[in-house]
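> next comes the sequence, and after it the predicted model I'd like to discuss.
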Amino acid sequence: MQYKLRLMLACSALAICGAIHAQDYPTRPVRVLVPYTPGGITDLVTRITAGELAKSLGQTFVVDNRPGANSILAVDMVSKATPDGYTLGTVIAAHAANQTLYAKLPYDSVKSFEHVSLLATSPLIVCATNSLAATSVKDLVDLAKAKPGQLTFASSGIGAAAHLTTELLMATTGIKMLHVPYKGTAPALQDLIGGQINIMLDTPSSMLPHVRAGKIKALGMTSEKRVAVAPDMPTLIEGGVQVVGGTWVALLAPAGTPKAIVDKLSRAAGTAMRRTEIKDRFVQLGIEPVGSTSAELTAFLKNEVAKWAKVIKDANVKID
């Protein structure tokens with residue numbers, strides 16, 4: 001009985017200390033690791049969020065790009081950082097997929113982290129090279145069925161949201177296309193524009209400028225409903241294909257980071273995502289600001305891991 005009482009008192013003391021510590025947090029610059037190069041959706045959302053957190057919490061949030069190993073390099077650094085709130089990281093849909101793609105990750109995609117906030121989500125656009133005889137998703141499905149395995153689709157890499165959403169599209173419609181993985185969106189997009197690749201899915205922020213310039217054509221959006229940045233573009237569902245997919249950006253901290261600090265960061269991120277200026281900026285890029293609670297992000301991540309595990313296993317996706 002005395003042992004249990006001492007344990008309860010110790011836990012209460014730790015909780016009180018954590019709350020007091022959170023009141024002052026942050027007292028020095030906070031590093032936010034981004035597992036990709038500058039310029040993509042992860043970097044963009046991270047930098048905007050970091051700027052807002054700096055304003056609301058009165059301390060510098062330094063964005064540190066550490067690309068490599070399909071995001072594993074930077075994410076592992078976050079998982080092994082001191083859990084004091086001064087090292088954070090952002091991840092996208094590939095983070096959930098990696099749990100199944102890799103037999104031996106140096107961390108657990110869910111358990112190794114405290115889940116701060118789901119910052120934003122983004123659908124993908126199904127785009128085609130201009131020479132392809134398809135102007136809709138239905139046309140694409142019909143063409144792919146007439147030429148099984150002959151059409152090619154690009155992605156920014158094996159296990160990326162664009163790759164796995166295309167796998168989901170093929171499984172749902174019963175078509176087969178040849179996957180050509182690239183080391184990033186930019187080289188894949190250049191080959192789509194040049195006609196070396198037939199199809200590519202990626203975010204509106206990456207694809208729409210080239211669609212509007214007439215360099216490629218858009219066949220549909222993977223969102224549940226039409227998005228404000230492209231109100232005339234039909235969804236895949238409208239085209240008779242029951243596929244919804246995309247990517248997202250979430251803010252994580254190392255497991256063991258005090259709950260009071262996680263909650264403080266979560267509230268600040270949520271407030272930032274609800275600001276009209278931020279919402280307007282994101283919407284024009286085809287990005288939907290979210291700003292979830294920690295508990296909501298935990299449930300979301302568990303669901304994403306399970307969702308992409310099924311797609312990966314059904315399609316027999318392997319990392320070379």
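Alright, I've got the coordinates.
> contacting residues around the closest residue to residue 289 other than its chain neighbours?
Closest residue to residue 289 apart from its sequence neighbours, by CB to CB, 6 or more residues apart in numbering: residue 273 at 4.0 Å. Bear in mind the C-beta positions are built from the backbone N, C-alpha and C, glycine included. With contacts defined as CB atoms under 8 Å, 6 or more residues apart in numbering, residue 273 is in contact with 49, 117, 119, 120, 279, 289, 290, 291.
> how about residue 93?
160, 161, 164, 246, 247, 248, 304, 308.
> surely the fourth one touches residue 125?
No - here residue 246 lies out of contact with residue 125, judged by CB atoms under 8 Å, at a distance of 9.8 Å.
> so what sits against both of those two?
Between them, residue 246 and residue 125 have 203, 222 as joint contacts when contacts are counted by CB under 8 Å, 6+ apart.
> these two: which is more packed in?
The neighbour comparison of residue 246 against residue 125 (other CB atoms under 10 Å) goes to residue 125, with 28 against 23.
> which residue sits closest to the more buried one, ignoring its sequence neighbours?
Taking CB to CB, 6+ apart, and ignoring the residues beside it in sequence, residue 125 has residue 207 as its nearest neighbour in space, at 4.7 Å.
> what about the closest residue in space to residue 119 that isn't next to it in sequence, distance to residue 270?
Ranked by CB to CB, 6+ apart and with sequence neighbours excluded, the top spatial neighbour of residue 119 is residue 249, at 4.8 Å. Shown here: residue 249 relative to residue 270, a distance of 14 Å by CB to CB, to the nearest Å.
> over to residue 254?
Distance of residue 254 to residue 270, given as CB to CB: 21 Å.
> who does residue 253 bridge with?
Using DSSP bridges, the beta-bridge partners of residue 253 come out as residue 114.
> what's near enough to touch it?
For residue 253, the residues meeting the contact criterion (CB under 8 Å, 6+ apart) are 78, 83, 85, 87, 88, 89, 113, 114, 116, 261, 262, 265.
> cool, and residue 276?
Neighbour list for residue 276: empty [criterion: CB under 8 Å, 6+ apart].
> so what's it scoring on pLDDT?
Confidence per residue is given as pLDDT, and for residue 276 that number is 95.
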